[in-house]
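A.B. asks: how would this look folded up:
(one chain, ligands or ions: 1)
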Amino acid sequence: MSQAAARPPLRVAMVGYAFMGRAHSQGWRGAPRFFDLPSEPVMQVLVGRSADRARAAADTLGWAEVETDWRRVLERDDIDLVDICTPGSTHAEIATAALAAGKHVLVEKPMANTLAEAEAMAAAADRAAAGGTMAMVGFTYRRVPAIALARDLVAEGRIGKVRQVRCQYLQDWLADDGAPLSWRTDKAKAGSGALGDIGAHIVDLTHFITGQRVAGVSGRLDTLVAERPVAESFSGLSGRGGSERGPVTVDDVAMFTGELTGGAPAIFEATRFAWGRKNAMRIEVNGSEGSLAFDFEDMNVLSLYDAREDARTGGFRRIIVTEPDHPYVGSWWPAGHGLGYEHGFVHQAVDLVRALSAGEQPTPSFADGLAVQRVLDAVERSAGNRSVYTEIPAHRP
Ligand code: SOE
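C.D. replies: You can find the predicted model right below:
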């Protein structure tokens with residue numbers, strides 16, 4: 001019997017198979033091949049509304065079976081975990097039903113479209129956890145080795161006390177006025193625009209890296225192009241528009257300043273209008289003893305400035321995060337042979353499988369997802385009423 005066959009299975013049903021479904025499939029596939037896991041993820045069922053399209057995707061991505069209604073996988077005894085890769089408007093319903101049916105849940109970010117949904121999901125996750133059923137949010141960037149290293153260095157005190165944080169998430173796939181509408185520009189499906197789609201990532205990473213939460217914000221949301229062509233086709237982040245036009249109902253740009261629970265000021269910018277910036281997720285943390293800086297467009301590098309060094313030879317040091325001692329890296333290639341976007345999804349599956357096998361709460365939990373949602377909600381309220389500062393009492397000790 002092979003070692004893989006000897007491990008207990010973790011049978012997964014994944015709902016959705018577009019961009020995120022493809023990325024998650026790669027995660028489930030790669031995890032047991034590159035990491036030593038206590039249980040074996042089995043890509044059992046792919047769920048999609050169209051049987052033909054779901055079958056074709058299942059064949060391409062490596063899923064054994066197809067269902068056209070997610071409710072059916074909840075009734076099956078041979079499914080242990082439901083992986084939700086559909087637009088945000090479906091997350092709360094599927095996740096709470098799956099947890100109630102005793103299935104572990106992984107849900108793509110942002111966890112929900114509204115604060116009320118996120119609160120209900122977090123409560124459902126608490127109830128389920130009491131019976132050993134776990135829920136996790138797919139803030140995958142936590143699993144980029146350079147970001148995991150940044151968190152470790154902050155926790156070890158390498159840059160001293162966190163004094164200031166600055167984050168940007170810059171993309172350009174909507175910068176062209178002719179880029180078509182999609183579910184991502186529809187508030188009913190996506191909840192918000194740049195704010196929830198990419199702003200959520202930099203809020204979560206601020207929480208993750210600093211170990212603190214955003215405790216209040218002052219925000220501004222703008223929709224720069226009010227109408228776009230209705231899509232004739234859309235895949236990934238691009239598509240072809242027809243002559244018919246329709247409204248954009250989400251923000252294109254989200255900007256907010258904030259304060260962390262430890263008192264440090266923070267600034268955030270999320271936009272899909274930054275021509276030339278494809279996936280520039282940038283974070284810089286300034287501490288009392290130094291700084292850390294990361295840019296996803298150079299994702300195998302973490303820059304560290306140590307203010308204790310001799311000023312004559314000091315300066316930002318580019319740490320090439322490809323050493324076997326770096327987080328996650330030892331299971332991959334020899335030093336210098338970098339990783340890419342998809343590896344975060346493998347690491348996410350690895351961490352989830354290990355936590356479930358150990359009977360532990362995987363992170364980020366739904367409570368962590370709710371914390372991000374509170375910040376998004378505060379930004380919307382602040383931007384909506386043009387108030388100067390919107391406090392988040394739940395994040396104050
Ligand atoms: C589109 O902006 C998007 O695909 C996000 O939805 C993802 O979460 C991010 O990883 C990349 O950009």
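A.B. asks: list the buried ones in the longest helix seen in the chain?
C.D. replies: Secondary structure of the chain read by DSSP state H shows that its longest helix is helix 366-385. Neighbour-count burial for helix 366-385, with 16 or more other C-beta atoms under 10 Å as criterion, is recorded at 366-380, 382-383. Just so you know, the C-beta spots here come from the backbone N, C-alpha and C atoms, and that holds for glycine as well.
A.B. asks: Stretch 42-62 too?
C.D. replies: 42, 43, 44, 45, 46, 47, 48, 54, 55, 57, 58, 61.
A.B. asks: do stretch 296-308 as well
C.D. replies: Buried-residue list, stretch 296-308, by 16+ other C-beta under 10 Å: 296, 299, 300, 301, 302, 303, 304, 305.
A.B. asks: Keep only those of those that are in helices.
C.D. replies: Per DSSP H, the subset of the buried residues of stretch 296-308 in helices is empty.
A.B. asks: Tell me the one of the residues you listed nearest residue 388?
C.D. replies: The closest of the buried residues of stretch 296-308 to residue 388 turns out to be residue 296 (C-beta to C-beta; 31.4 Å).
A.B. asks: doesn't residue 141 make contact with the closest one?
C.D. replies: Yes. Counting by C-beta atoms under 8 Å, residue 141 is a contact partner of residue 296 at 7.4 Å.
A.B. asks: Mutual contacts of these two, please.
C.D. replies: residue 281 (C-beta atoms under 8 Å, 6 or more residues apart in numbering).
A.B. asks: And for the nearest residue to residue 101 once chain neighbours are set aside, the neighbour number?
C.D. replies: Distances taken as C-beta to C-beta, 6 or more residues apart in numbering place residue 74 nearest to residue 101, at 4.1 Å, with adjacent residues excluded. Residue 74: 18 surrounding residues under other C-beta atoms under 10 Å.
A.B. asks: Need the phi and psi values for residue 74.
C.D. replies: Backbone torsions for residue 74, taken as degrees, to the nearest 10, come to phi -70, psi -20.
A.B. asks: Verify the stated contact: it with residue 98.
C.D. replies: Yes. Under the criterion of C-beta under 8 Å, residue 74 makes contact with residue 98 at 5.8 Å.
A.B. asks: what sits in contact with each of the two?
C.D. replies: residue 82.
A.B. asks: hang on, the earlier thing: list the residues that contact the residue nearest to residue 101.
C.D. replies: 82, 97, 98, 101, 103.
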